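[1] Got a sequence here, can you build the structure:
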Amino acid sequence: MSRRRVLAVTQVDVQLQKSAPPTLVIVASGSVPSSNWTDPSLEPWRYVLPPEDGVQDFDFVAQPPVGTAFTVVLPIIAEARGVINADDYWGPGRPLCGVRVHARGDSIEASLAEHPIPPDALTPAPEQAKTGGAGTTESLIGKALRVYNTGDPLTFDLRSGRANIRHGPGRRISRVWFG
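    Below you'll find the model as predicted:
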C-alpha cells in the first residue's frame, strides 16, 4: 500500500540551525484517522519554476495500517532536516521564506522568522561532538530524558533541559537531540 497524506496537520515549527553548514529543521504535528500508521515523513514538492512566495511545500505522509486498526483519531509527528543555503534557496538572491505543510484536509504555513530557537536547544553539529562540545555524552548529565521509537507520537514542546533519544530499527539509537 502506498503512503498517504495524514488526516490533519495541527502545528508546524521550522528553524534554521546556525550550525556549519546551516541546517533547516521542520517538525510537523498532526493526526491520523486510525491506529497503526507508521513511517511519517515530510515529502518536499518539486517545482518547474520557483514559487513566487518563496515558500517550500511539503506533503505530510505516512504508511496507512495494514490489517486490523482501531478507528480513533491519534496524533502523529514527522521531522525533516537538510543542509541548505536559505539566502539563495531558490537561486541567487531568492531566499527561502518559509514552509507549507499539507495534510488531507488542511495545510499550515510557517515562516522562518516566526520560529527562533534558543541556542542551547540546538542539535550540535558533528564537529562539536568530535571536539567535546555540546554533543558529547557529558552534555546528557542532569538533563531530563525522553526516549522514543521512530514514528511514536510526541508533544512538540521545546525544553532546553531535555535530551531526546530516538530508537530506530533494532532498538539502535538513531538520533539524540536537545529540546
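[2] Next, the contact list for residue 96, please.
    24, 54, 55, 56, 84, 86, 89, 90, 112 (CB atoms under 8 Å, 6 or more residues apart in numbering). C-betas here are computed from N, CA, C, even on glycine.
[3] Could you measure from residue 73 over to residue 34?
    8 Å (CB to CB, to the nearest Å).
[4] the more surrounded of those two?
    A direct count of neighbours by other CB atoms under 10 Å for residue 73 and residue 34 places residue 34 higher, at 15 against 11.
[5] For the spatially most central residue of the chain, which non-adjacent residue is spatially closest?
    Nearest residue to the geometric centre of the chain (CA atoms, centre = their mean): residue 79, 2.1 Å. In space, and not counting its chain neighbours, residue 79 is closest to residue 27: 5.0 Å by CB to CB, 6 or more residues apart in numbering.
[6] Are any of the contacts of residue 96 buried, and if so which?
    24, 55, 56, 89, 90, 112 (16 or more other CB atoms under 10 Å).
[7] and the gap between the third one and residue 66?
    I take that to be residue 56. For residue 56, the distance to residue 66 (CB to CB) stands at 31 Å.
[8] Kindly report the same for the second one.
    Spatial separation of residue 55 from residue 66 under the definition CB to CB is 34 Å.
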